[in-house]
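Chemist: heads up, no residue letters with this:
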Ligand code: NAD
Ligand code: TYD
């Protein structure tokens, strides 16, 4: 094997797409997926590669330093692609402590264990930290986040991610740990847990349940197809410059309400409903506390320096996403049994 790579959070939404891409593309790499299998982690996301010879799964928690110590003894990692995180803003409002533990302490543990294990012999090593555009805060009507935009996180989620980004840069600056960071906009696609806007709306429309839109629905997000993010991660892992940051985005801004209206049209078509039927489910509810108004990414550095660009138009990606959810009802049923209902009631009841 040419390289042994640790991917954390590989049973989650984006992580599972990254694991699948790496396992299939690099038969000469040993890919170790470390995941705690929280409510968001699901090994069913990985069924098509689970029997590959270059794939290994380890269940464990990045907040557990002793566990990490043993894992790093067991495998001789050359690279780390760190995606494990608590990732949902609404949950960070309900229960911020888990975000501090996993996103900050967990990242700190990984940085320390990498530094200790690699013992300053950093040749050929790389610590790649996956972050979010939310660390930059909220935009007004114009402008874009660039790699030099000052951090201004506004939710417990984004503050915990910002904190982890700072730690990663500090380890590069202080100990010369070879790192690279990317900050990506909102992802969508298959295997996303139905607490996030698009899969939640698909599931509710299918079941004729209200689609909850926070506030007036005029908040803007920049959406990127998850498989395009995975390709960007592959590109940056292999070709990104040591110590650098890359913004990743789809150049694809939508207000929530326009996005949901487009989604409703696709759902009407796919479910053979009358035109306008699904839109009737749109329900405006109490706004999210501290709701960021607008995110928009300038990804020209990544496009110009590393030659990456998004492959799909949004309407095409959205249609593919709907098709996947409708064809995989069993997956949906499994992830919304149990904990999900409790979360849903807490989040949306009396809103
Ligand atoms: P996700 O919530 O779907 O998956 C997170 C994964 O991490 C799960 O498999 C979970 O089991 C695992 N995990 C959580 N806590 C852990 C712990 N303590 N130890 C080990 N594993 C743990 O998240 P996602 O949407 O796939 O996001 C992945 C990464 O990408 C995160 O770092 C997130 O901040 C970042 N990101 C996400 C988006 C997005 O739109 N989803 C956009 C930009 C950046
Ligand atoms: P989300 O998918 O949670 O991603 P993020 O907050 O990280 O951008 O939300 C996307 C947008 O959709 C955001 O502006 C909040 C909004 N939203 C709703 O209006 N209703 C919902 O039920 C959810 C989950 C999100």
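Modeler: Nice, thanks for sending it over. Bear in mind the structure is a predicted one, so any value in this text is a computation, not a measurement. Numbers count the residues shown, from 1 in each chain. Ligands and ions are numbered 1, 2, ... in the order given.
Chemist: can you tell me the element residue 237 falls in?
Modeler: Using DSSP states H and E, residue 237 sits within helix 226-239.
Chemist: state the mean pLDDT of that helix.
Modeler: What helix 226-239 shows for mean pLDDT is 98.
Chemist: which helices and strands sit right next to the longest helix seen in the chain?
Modeler: Across the chain, the longest stretch assigned as helix under DSSP state H is helix 156-175. Under the contact definition 3 or more CB pairs under 8 Å, 6 or more residues apart in numbering; DSSP states H and E, helix 156-175 sits against helix 89-94, helix 97-99, helix 107-118, strand 126-132, strand 179-184. (Each C-beta comes from the backbone N, C-alpha and C, glycine too.)
Chemist: residues touching the longest one, excluding its own?
Modeler: Residues outside helix 107-118 that contact it (CB atoms under 8 Å, 6 or more residues apart in numbering): 8, 62-65, 68-69, 72, 77, 80, 82, 125, 127, 129, 164, 167-168, 171, 175, 177.
Chemist: give me the subset of the residues you listed that also touch ligand 1.
Modeler: Subset of these in contact with ligand 1: 8, 62, 63, counting by CB under 6 Å from any ligand atom.
Chemist: which element is the second one on?
Modeler: Take DSSP H and E as the rule and residue 62 turns out to sit in neither a helix nor a strand.
Chemist: once you drop chain neighbours, what's closest to it?
Modeler: Nearest non-adjacent residue to residue 62, counting by CB to CB, 6 or more residues apart in numbering: residue 106, 3.5 Å away.
Chemist: thought that neighbour was touching residue 67?
Modeler: No: using CB atoms under 8 Å, residue 106 is not in contact with residue 67, being 11.1 Å away.
Chemist: mutual contacts of these two, please.
Modeler: With contacts defined as CB under 8 Å, 6+ apart, the residues shared by residue 106 and residue 67 are residue 61.
Chemist: the more surrounded of these two?
Modeler: A count of neighbours by other CB atoms under 10 Å puts residue 106 above the other of residue 106 and residue 67, at 26 against 18.
Chemist: and the angle for the helix holding residue 237 with strand 179-184?
Modeler: Interaxial angle of helix 226-239 relative to strand 179-184 (axes from the mean of the first three to the mean of the last three CA atoms, to 10 degrees): 160 degrees.
Chemist: what residues does stretch 220-229 touch?
Modeler: Here stretch 220-229 makes contact (CB under 8 Å, 6+ apart) with 13-14, 17, 21, 133, 184-192, 197, 248-256, 259, 293-297, 310-312, 314, 317, 320.
Chemist: now find how far off-centre the helix or strand hosting residue 224 is within its chain.
Modeler: In this assignment (DSSP H and E), residue 224 forms part of strand 220-225. Its chain's C-alpha centre and that of strand 220-225 lie 12 Å apart, by CA atoms, centre = their mean, to the nearest Å.
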